[in-house]
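Engineer: return atomic coordinates for the entry below.
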Amino acid sequence: MNIGIVGLGLIGGSIGLKLQRLKHTIYGVTNNNLNKKKAIERNLANVVSCDLGILKECSLIILALPIKDLIHPSNDLINAIPKDSIVTDVGSIKEPIINTWGKIHPLFIGSHPMAGTEEKGVESGFEGLLENAKWIITPTSKTNSHSLKTLSKLITSMQCEIYKASPKEHDEAVSLISHLPIFVASSLIKTANAEKNESLLALTQRLAATGYADTTRVGGGNPNLGLDLAINNQTNILKAIKEFKKNINEIESLIKNNKWELLSEKLTKSIEIRSNFTN
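Structural biologist: A predicted model of the protein is given here:
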């Protein structure tokens, strides 16, 4: 297939590398000439251009743009997409994006690969990012069945596991497992950095090892992503934060009141529950 990718950052670049390996011809669009040069050097697509006009060659187009640019797309982008091309996005919220694109393009299907690192930009993508990743498709009652089948086949060919959910269900679920951790990790980072004793702070920073790095990784990523998520999935994220505060307050109370047996039970239960999310 001739496949267009608008945005060759972490996700778009990784998809471009993977799909080229699968013998598709990739037309990649970057936002400026510097990124175009870097994308060409990294072979992120067969054809790389800042000109959206190259999308006319594509039967399937993947929009790998920031959330705000997906919700408020430019007229140039809208006009460059052929009406008979299948279009999907990789944004990490779905309802606002589908509300926009469902009115713009008849063959749009919302989707979201559950993969990423704290890196961003055209230098961050790599072929193995999506291997064995979970990829959520969020069809609606208006979704074209042939387009859905084509997109599903493409995603499966990239060794991704497909899940289907409504846009609403998607946004509720990822607020708990993807969006909330960004803000919790940010708070953990700020907490560790709050020590006023400079020598103790320096020691704390030096002692931070893989456990701390793993726990706070998502808090060290793209701040614009966190802001876009907070703005556009506000209700679900606030609900998740409320539940988190309830749980951390309970732990605080158990420690404060020397309820060691109850604390042990709570920690043990967390271990049991975690297996349901990590298998």
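Engineer: ok but G4 is inside a strand, no?
Structural biologist: Yes: G4 sits within a strand when classified using DSSP: H, G, I helix; E, B strand; the rest coil.
Engineer: so what's the nearest residue to it once chain neighbours are set aside up against?
Structural biologist: Nearest-residue entry for G4: C58, 3.6 Å, with adjacent residues in sequence omitted and distances by C-beta to C-beta, 6 or more residues apart in numbering. Where you see a C-beta, it was placed from the backbone N, CA and C, and this is true even at glycine. When the contact criterion is C-beta atoms under 8 Å, 6 or more residues apart in numbering, the partners of C58 are N2, I3, G4, Y27, P82, S85.
Engineer: if you set the cut-off to 6 Å instead, what comes out?
Structural biologist: Applying C-beta atoms under 6 Å, 6 or more residues apart in numbering, one finds that C58 lies in contact with N2, I3, G4, Y27, S85.
Engineer: just T138 next, same as before
Structural biologist: Counted by C-beta under 6 Å, 6+ apart, T138 has contacts K94, G110, A165, P167, H170.
Engineer: what bridges to it?
Structural biologist: Beta bridges link T138 to G110, judged by DSSP bridges.
Engineer: roughly how far apart are it and L34?
Structural biologist: Distance from T138 to L34, counting by C-beta to C-beta, to the nearest Å: 34 Å.
Engineer: again with S178
Structural biologist: Counting by C-beta to C-beta, the gap from S178 to L34 is 30 Å.
Engineer: these two: which has the busier surroundings?
Structural biologist: Legend: neighbour count by other C-beta atoms under 10 Å for S178 and L34, higher for S178 (17 against 10).
Engineer: how about the more buried one: what's its closest non-neighbour residue?
Structural biologist: Excluding the flanking residues, the one nearest S178 by C-beta to C-beta, 6+ apart is S92, at 6.4 Å.
Engineer: who touches S186 in this structure?
Structural biologist: For S186, the set of contacting residues under the criterion of C-beta under 6 Å, 6+ apart consists of G219.
Engineer: that one sits in which helix or strand?
Structural biologist: S186 belongs to helix 180-192 when assigned by DSSP states H and E.
Engineer: quick revisit: columns distance to N144 on top of the contacts of T138, output as CSV?
Structural biologist: What follows is the contacts of T138, written out as CSV (distance: C-beta to C-beta, whole Å):
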residue, distance to N144
K94, 17
G110, 13
A165, 18
P167, 16
H170, 19
